[in-house]
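Trainee: I would like to see how this sequence folds:
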Amino acid sequence: MNKTLFQVYFWLVGRFFPKVKVSVLWPLAISVHESANFTSNVAVRYNNLFGMNKPQVRSTAATGKLPNGLAVFRSKLDSIRDFFYFLEARELTDDAKLIAFVQAGRYGADARHYAKVAAHAALLSSHLVDVSKYVTGSLFLGVGGVVAAFAFTSQK
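Mentor: As a prediction, the model looks like this:
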């Protein structure tokens, strides 16, 4: 996983969640922070990009959980899909609501979580890509493959 692929996956998964209008910046910043820039053991071995616990009530793409409660996913794409389920369940349907949620200390156990994620967001803001370059024209078949992978991984 890298930041560009994350953005493409986020855009693609977002097409299946029309109520959620969150831009990629803060979810990317949360993911970079929670996964140590996609290098943590939980991100690499268990595909958990957001440090998500396996939920008890809401819809989830998780297939299991670790002894510490962290969710396990079949793929990075499923982790991103689960984040959209989280956003929907919490009614965090736009950037302002997500930022306020994080700022209020409701995401992450660390008291400085918001400050750390905000620092990542500030650094990442100038590195966002125009996803349309990756998902239009000659890459259409590639997008179809990603969408097919999404559909396949969403089947139980």
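
Trainee: now do the buried residues in the helix or strand harbouring residue 119.
Mentor: Using DSSP states H and E, residue 119 falls within helix 113-124. Across helix 113-124, burial judged by 16 or more other CB atoms under 10 Å covers 113-114, 116-118, 120-121, 124. The C-beta positions use only the backbone N, C-alpha and C, and glycine is treated the same way.

Trainee: got it, and stretch 41-57?
Mentor: Of the residues in stretch 41-57, 42-43, 46-52, 54 count as buried by neighbour count, 16+ other CB under 10 Å.

Trainee: how far does that stretch sit from the chain's center?
Mentor: Here stretch 41-57 is found 10 Å from its chain centre; the criterion is CA atoms, centre = their mean, to the nearest Å.

Trainee: again with stretch 81-100
Mentor: Its chain's C-alpha centre and that of stretch 81-100 lie 10 Å apart, by CA atoms, centre = their mean.

Trainee: tell me how far the ends of that stretch are from each other?
Mentor: 21 Å (CA to CA, to the nearest Å).

Trainee: give me the contact list for that stretch.
Mentor: 13-14, 16-17, 19-23, 25-27, 31, 49-50, 52, 55, 57-62, 71, 73, 101, 150, 153-154 (CB atoms under 8 Å, 6 or more residues apart in numbering).

Trainee: and these, which of them are in strands?
Mentor: residue 71 (DSSP state E).

Trainee: now the contacts of stretch 81-100: which count as buried?
Mentor: The neighbour count (16+ other CB under 10 Å) marks 13-14, 17, 20, 22, 25-27, 31, 49-50, 52, 60-62, 71, 73, 101, 150, 153 as buried among these.

Trainee: for residue 116, what are its contacts?
Mentor: Shown in contact with residue 116 (CB under 8 Å, 6+ apart): 33, 110.

Trainee: what's the pLDDT at it?
Mentor: On the pLDDT scale, residue 116 is placed at 96.

Trainee: and it, how close does it get to residue 21?
Mentor: 25 Å (CB to CB, to the nearest Å).

Trainee: try residue 47
Mentor: Separation of residue 47 from residue 21 (CB to CB): 25 Å.

Trainee: sounds good, over and out.
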